[in-house]
Structure formats: C-alpha cells, structure tokens
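Enquirer: build me a model:
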Amino acid sequence: MEKIYCPGFKAAGVAANIKKQGVLDLGLIFSETPAKVGGVFTQNRVQAAPVILDRELIQSGQARAIIINSGNANCCSGPQSMEDAISMGRTSASRLGVSSNEVLVASTGVIGVPMPMDRITAAIPELVGSLETGGFSDLALAMMTTDTVPKLVCKKGKINSKTYTITAVAKGAGMIRPDMATMLCFVCTDIDAHPHYLSYALYTACERSFNRITVDGDTSTNDTALILANGVSGVSVENSVQKASFQRVLDDVLLYLAKLMVKDGEGATKLVEIHVTGALCHEDARAVAETIANSPLVKTAFFGEDANWGRIIAAAGRAGVYMEPGRVNIFFDDVMMCQNSVGCGPEAEKKATLVMQKPEYTIVVDLQTGAGHASVYTCDFSCDYVKINADYRS
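Expert: A predicted model of the protein is given here:
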C-alpha cells in the first residue's frame, strides 16, 4: 500500500488482541507539535463513552493525539465505560509525554461488552513505539470492523502560493446512514486555523459527504469525526477566500471517503447515487432522496438488477413532502424509465437493466415542481448483508 502521510504527524496500528489473534485493532495518531482540534459526533441519543469524553476534551481547542480501537464500542457497560475511555487516554498520554487532556479516544465494535483493558494497556507501549510518518496505512487497518478495505486519502492544496496537506483515514461499512453515519473519520492537516472554524469546516464537509450516504439506515452510538491542525506548513486559514479554498479540498477528501464506505457497504455490489431534482426546496429533495436510498425494496431491486421504477416512485411518495403524483420523471443514468409517472415501456426497461449491471450508476428522480435538488449515495442489499449481520458478534 502506498505510504500516506501528513507533515508533523505520525501514526501507527498494532494488534492488541481485542479482535482475533494477530489482527491490527489498536491505532494512534500523534501530532509532534500542539494542534488545534475540531469535532463532529453522532446524533444518536445513546452515545459511547469516548464520544462523551471527546465532546468535553475538544472544548479546550487543542489536542496532540487520538487513540482508536476496533472490536469493542466501549458503550453501555455502565460507569466502567467512561473509566476505560479515560484510562486509554491517560496511559497513552503518559507514554507520549503529553497531558491526558490532549489525548482523544475513539472506539468501534460490539456494544455492551466490557473493554479488555488489560490487553489494551499492555499494547500501548508497542503502539507508541511504532509511530512513524507513514503509519497511516496500519492505522486504517486497525480501525476496520466489517470493512473489507482500508479507507484513507491524502490531498494537497495551495493558499497564497504555499502548499498544505490534508490526510484523512476512516472506517465504516455497516450501520451507516445520514446523521454522521457507524463511522470514524480522523483528518490531519498542517494548516493553522481557529478551533471554532475547524469544527465548522468539518461539520460543513460532513453535511456534504458522510451525511449524504446510507448503507442500511442505522445510526451508530460511536460516530466520530475529528480534525487536527498543527500549522507546520505555515499556511493560515483566516479570511473568507482562504476558508473557501480549504473547504473545497476538505469536501473532496470527505466525499471520497464517504463513497468508499458505500462501495464497501456490508455485502454491497453497487454504488448508486440517488439524485432528486425539481423539488420545492433542497430540504424536500433530500428527504425524497433519503427515503428512496433507505428503502429495502429499492435496495434489493438494485441487487437483483431489476429496473423496478415502481418501488422508486412509491418510496418518493411516502417521503412526506409536497409532490404532484402525475408529474414524476425517473431516469437510470440517461435512460428514461418513467415520464409523468407513466412507464416508458419494455425497450426502456431493457436499456435500464443494462445500466443496473454496472457497479456504479445514478438514479435521477425529477419531481417537476420546483428548483430544489439533492443527492444521497446508497448501495444494494445483498444476501451477504444478512449473513454478515446475522452473526456479527461471533
């Protein structure tokens, strides 16, 4: 795997035996200099201890490290959950030589199972000792649960002729839906910016990426996106022009990762963009797109490569927004399947079936009632999705 890095940061991943013997399951990001921090978290009312802890810690606006484990969500294990999250941060901080308030914690995996803290604590010295500039690849592997591929990306941008870097790593394949989708995402960048702006920029990028994807309509207790900015590039993001430039690159980075999550959805074989246009407003368009994208009947039709546009228009009709039932047009890529809510016939269905055989395509639903538009990315429901989630804990 190509070495991915970000100036001033190191990363690592080791096997702490939280999951199977020898599988990477404990990761660490470390900024060699103090970094500003921003975060976005799950909207689920049930929140894991690391989420609650990080919400508090990022109020200082500064962080140096993030320790991440997979295989255990550290959620719903009583008061011990918070004690374990604090312990993970404190032990890491001691080894790194920084304050425990500067170490953030993230977990992903099974809910309701006590953390194997003896194994995690024992692995932290090796984890810190493994930190290296090119360690993001091992970190990405250590974060995976049902993911089949690691998810990481590095992009560069320019402000005032100076180059900066954004490197991000993420995990997510199941329990994914808009509202921060089960995902973790950690962004490292060498710009300098105010912590409040970093949180705003991250929130904006999440709204355009992670909050526009769905695999199965479920939202996790552990969703966390964090951004660390250490300023070593000498690039300051302060005025509106600089912020817009940085936002474009950050948006691209997170959308790339979001699409990887959908493509890697548990058992997924298709990546499908649901693009709704012609709604009264953007919010209505998004509601229709999400309803279609989350429909089990629509998603199973995607898997079966069945151009069943009736399921799509039926889902649109229950989205709870204004639409004129007799004016809906539906396209599979550029193939019109339905015009003014009437099917376009067998020839159109044959062409649409060919579209559905592709690994990626777009469904366009034109409501013809206004200028609102929105896209949501989804995948199919396959037999493997049921198999994976029927015995996830085993």
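Enquirer: got the phi and psi for the residue lying closest to N329 once chain neighbours are set aside?
Expert: Excluding its sequence neighbours, the residue lying closest to N329 (CB to CB, 6 or more residues apart in numbering) is D366, at 4.2 Å. For glycine as for every other residue, the C-beta is placed from the backbone atoms N, C-alpha and C. For D366, the backbone dihedrals (degrees, to the nearest 10) come out as phi -100, psi 110.
Enquirer: pretty sure D366 sits against G278.
Expert: Yes - assessed by CB atoms under 8 Å, D366 is found in contact with G278 at 4.5 Å.
Enquirer: more crowded one of these two?
Expert: G278 (22 against 19; other CB atoms under 10 Å).
Enquirer: contacts for the helix or strand containing the more buried one, please.
Expert: Counting by DSSP states H and E, the element that carries G278 is strand 271-279. Residues from elsewhere that reach strand 271-279 (CB atoms under 8 Å, 6 or more residues apart in numbering): 259, 262-263, 285-286, 288-289, 292-293, 302, 316, 321, 323, 359-380.
Enquirer: give me the subset of those residues that lies in strands.
Expert: 360-366, 372-379 (DSSP state E).
Enquirer: helices or strands up against whichever helix or strand I29 is part of?
Expert: Assigned by DSSP H and E, I29 falls within strand 26-41. Counting contacts by 3 or more CB pairs under 8 Å, 6 or more residues apart in numbering; DSSP states H and E, strand 26-41 is packed against strand 9-14, helix 49-57, strand 62-72, helix 117-129, helix 136-142, strand 184-189, helix 195-207, strand 224-229.
Enquirer: so for K171, which of these sits nearest?
Expert: The closest of these to K171 is strand 184-189. By CB to CB, the value is 5.1 Å.
Enquirer: orientation of that closest one relative to strand 224-229 in degrees?
Expert: Using axes from the mean of the first three to the mean of the last three CA atoms, to 10 degrees, the inter-axis angle of strand 184-189 relative to strand 224-229 is 10 degrees.
Enquirer: angle of strand 184-189 against strand 9-14?
Expert: Using the same axes, to 10 degrees: strand 184-189 against strand 9-14 is 150 degrees.
Enquirer: could you dump strand 184-189 to CSV, C-alpha only?
Expert: Provided in CSV are the C-alpha atoms of strand 184-189 (Å, rounded to 0.1, in the frame of the first residue of the first chain):
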residue,chain,number,x,y,z
LEU,A,184,-15.0,7.0,12.4
CYS,A,185,-13.0,9.6,10.5
PHE,A,186,-9.8,11.4,11.5
VAL,A,187,-8.4,14.3,9.5
CYS,A,188,-4.9,15.6,9.9
THR,A,189,-3.8,18.8,8.2
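Enquirer: what does it contact?
Expert: So strand 184-189 is in contact with 6, 9, 29, 31, 66, 68, 106, 108, 143, 164-172, 202, 210, 222-230, 250, 253-254, 257, going by CB under 8 Å, 6+ apart.
Enquirer: number of nearby residues for N230?
Expert: That count, for N230 with other CB under 10 Å as the rule, works out to 21.
Enquirer: swap in G345?
Expert: Quick note: G345 (other CB under 10 Å) scores 9 neighbours.
Enquirer: could you check how far it is from T353?
Expert: Using CB to CB, to the nearest Å, G345 is found at 13 Å from T353.
Enquirer: now do K10
Expert: K10 is 50 Å from T353, by CB to CB.
Enquirer: neighbour count for those two, which is higher?
Expert: The neighbour comparison of K10 against T353 (other CB under 10 Å) goes to K10, with 22 against 14.
Enquirer: local confidence estimate at that one?
Expert: We note a pLDDT of 98 for K10 in this prediction.
Enquirer: just A181 next, same as before
Expert: A181 is given a pLDDT of 47.
Enquirer: give me the phi and psi for V232.
Expert: Torsion angles, degrees, to the nearest 10, at V232: phi -70, psi -20.
Enquirer: count the neighbours of it for me.
Expert: 20.
Enquirer: residues in contact with the residue nearest to it when sequence neighbours are not counted?
Expert: Sequence neighbours aside, G8 is the residue nearest to V232 in space, at 3.9 Å (criterion: CB to CB, 6+ apart). Residues near G8 by CB under 8 Å, 6+ apart: S31, E32, T33, D190, N230, V232.
Enquirer: for S99, which of the helices and strands packed on strand 26-41 is the nearest?
Expert: That would be strand 62-72 among the helices and strands packed on strand 26-41, by CB to CB, at 7.9 Å.
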